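Chemist: Quick one: sequence plus predicted model below, questions after.
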Amino acid sequence: MPKEQANQRMWGGRFDKEPAPEAQAFSHSLFIDQRLWSQDIQGSIAHARMLGITGILNQHEANTLVQALLEIAHEIQEGDWLFDYEAEDIHTAIEQRLYEKVGALAGKLHTARSRNDQVATDTRLWLREMTPKIGHTLIELCEALIELAEQHMLTLLPGLTHQQHAQPVSLAHHLMAHLWALGRDLERLVQSAHRMNLCPLGAGALSGTSIPIDRELTANELGFSLPIPNSMDAVSDRDFVADYLYTFTMIMLHLSRIAQELINWSTPEYGFVELDDAYTTGSSLMPQKKNPDIAELIRGRSALAVGNLTAWLTLLKGLPLTYNRDLQDDKPLLFATFDSMLPAIRLTRAMLQSARWNTERMRSALVGDFSTATELADYLVNKGLPFREAHHVVGQIVRDCIQQGIGLEALTLDILRRHSPLFEEDALQAVQPEQAVQAKRVLGGTAPEAVKAQIEHARKVLNLLEHQLHELANPV
Ligand code: ARG
């Protein structure tokens, strides 16, 4: 490029030559940050209006800029104007288009602004816009879990610790455990959005500006609660990217744990669930196969999310104040995690809703598995025996049963009384899984009435979070 053209670059004035082609290719980000076009224009419109209101530009100039920016937005939306990928980034691409439309006036838009405060603003606006979308998708998954839970209050299966049969639980209770994890993710999402909702615009390159702008006006116009109080922090801070990446990663991690269970449960060894054809694939070699690929991919993508979060934290840790170009690489990480997370949430919901639950297999897994041994110990405790002694007595009963090759449900009163005179007829009931589950009526327990209360509580929490998401999307 001849020198005249090099000087037309946003920052070309002091340069004699163009950057080397490979250096350009290495640093250009338009392919990635083009996704911020509407936030970039939104930010520019707010800035132009403020310049007009404060009299830094005259009203006609400000209106012309706003009008042209709206036109550009329309062109992009309609596909009437395609980005020029020679441009360095989205800010440059849009500014160049503005030049084509309004000529030299375009150069006034950047009054009291730098790309440093601009990109920090755009990224915040984008995340804020995506937040209700992510939140509602998560809420739909939570609702699907509640719906399933309501159908399976009386479906029993072994609850595990150390992957060993521990105590019977209802499928409802099990599914609700996953719901609470997702509920915390929703909270994290709302909290991240609130913490992030401050406006960097007006920080200039790093130290503020001598031009008498009104930062509160722009912050207000863009729906931020306040301008960021320190201009250096404003252009340097990307903690909010870490907050969001962490929140996204926790979502993926929770989906991965659900996926792992679905994978286990759909093996012939478990046989608890059959995933719908729509979310499984066959084998190119073995005709009988039905593989849980989608669940496996969700599990795998969660690892990529952890990688992206780790990359971001590592990138941030050594950065001196203020803006450094390394910060540009937040966007590929954010977008990649976001792009796998949203479909993963939807697919998890679809897999759960379309799965066939083999409730008989679940119930029969409890036969002879000794998972009601604790009930027998609690029975003795209720008769006044100290728990430690009761534990020992029941341990011996279990050992005898194993020797005789029977399960606890097959015990007779005679056998029980040989171990303790405290046993009576109702002890035979206590070892039945149905009875064991019914008995866990404590707050947070697996008894149907406790699960019902839990579901009501969850509904209230979800309603509140839905309300908070709505407020984020429509700030007052
Ligand atoms: N593309 C850059 C980014 O995303 C925009 C800011 C560039 N600022 C600069 N001084 N080079 O971070």
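Modeler: Nice, I can see it. Numbering: from 1, shown residues only.

Chemist: how about the lengthiest helix in the chain: buried residues?
Modeler: With secondary structure taken from DSSP state H, the chain has its longest helix at helix 115-151. Judged by neighbour count using 16 or more other C-beta atoms under 10 Å, the buried positions of helix 115-151 are 115-128, 130-132, 134-139, 141-142, 144-146, 148-149. In short, each C-beta sits where N, CA and C put it, glycine included.

Chemist: what do you get for stretch 254-267?
Modeler: Result for stretch 254-267 [16+ other C-beta under 10 Å]: buried residues 254-266.

Chemist: would you turn those residues into JSON lines with pLDDT?
Modeler: JSON lines is the format used below for the buried residues of stretch 254-267 (pLDDT from 0 to 100):
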{"residue": "254", "pLDDT": "98"}
{"residue": "255", "pLDDT": "99"}
{"residue": "256", "pLDDT": "98"}
{"residue": "257", "pLDDT": "98"}
{"residue": "258", "pLDDT": "98"}
{"residue": "259", "pLDDT": "98"}
{"residue": "260", "pLDDT": "98"}
{"residue": "261", "pLDDT": "98"}
{"residue": "262", "pLDDT": "98"}
{"residue": "263", "pLDDT": "98"}
{"residue": "264", "pLDDT": "98"}
{"residue": "265", "pLDDT": "98"}
{"residue": "266", "pLDDT": "97"}
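
Chemist: For the residue of the stretch 151-300 of the chain found nearest the ligand, give me the backbone phi and psi.
Modeler: Residue nearest to the ligand within the stretch 151-300 of the chain (C-beta to the nearest ligand atom): residue 205, separated by 7.3 Å. Residue 205 adopts backbone torsions of phi -70, psi -40, taken as degrees, to the nearest 10.

Chemist: Isn't it up against residue 235?
Modeler: Yes: the pair residue 205 and residue 235 qualifies as a contact (C-beta atoms under 8 Å) at a distance of 7.1 Å.

Chemist: Next, show the common contact partners of these two.
Modeler: Here residue 205 and residue 235 have 114, 116-117, 323 as joint contacts, going by C-beta atoms under 8 Å, 6 or more residues apart in numbering.

Chemist: picking up where we left off before, once you drop chain neighbours, what's closest to the residue of the stretch 151-300 of the chain closest to the ligand?
Modeler: Using C-beta to C-beta, 6 or more residues apart in numbering and skipping the chain neighbours, the partner closest in space to residue 205 is residue 114 (4.2 Å).

Chemist: likewise residue 347?
Modeler: Residue 347 sits nearest to residue 294 (C-beta to C-beta, 6+ apart), 5.5 Å away.

Chemist: got a list of contacts for the host helix or strand of that neighbour?
Modeler: Secondary structure assignment for residue 294, by DSSP states H and E: helix 293-317. Helix 293-317 is contacted from outside by 238, 241-242, 245-246, 248-249, 252-253, 255-256, 259-260, 262-263, 275, 279-281, 326-327, 329-330, 333-334, 336-337, 340-341, 344, 347-348, 351, using C-beta under 8 Å, 6+ apart.

Chemist: C-terminal to it, which secondary structure element comes first?
Modeler: helix 330-354.
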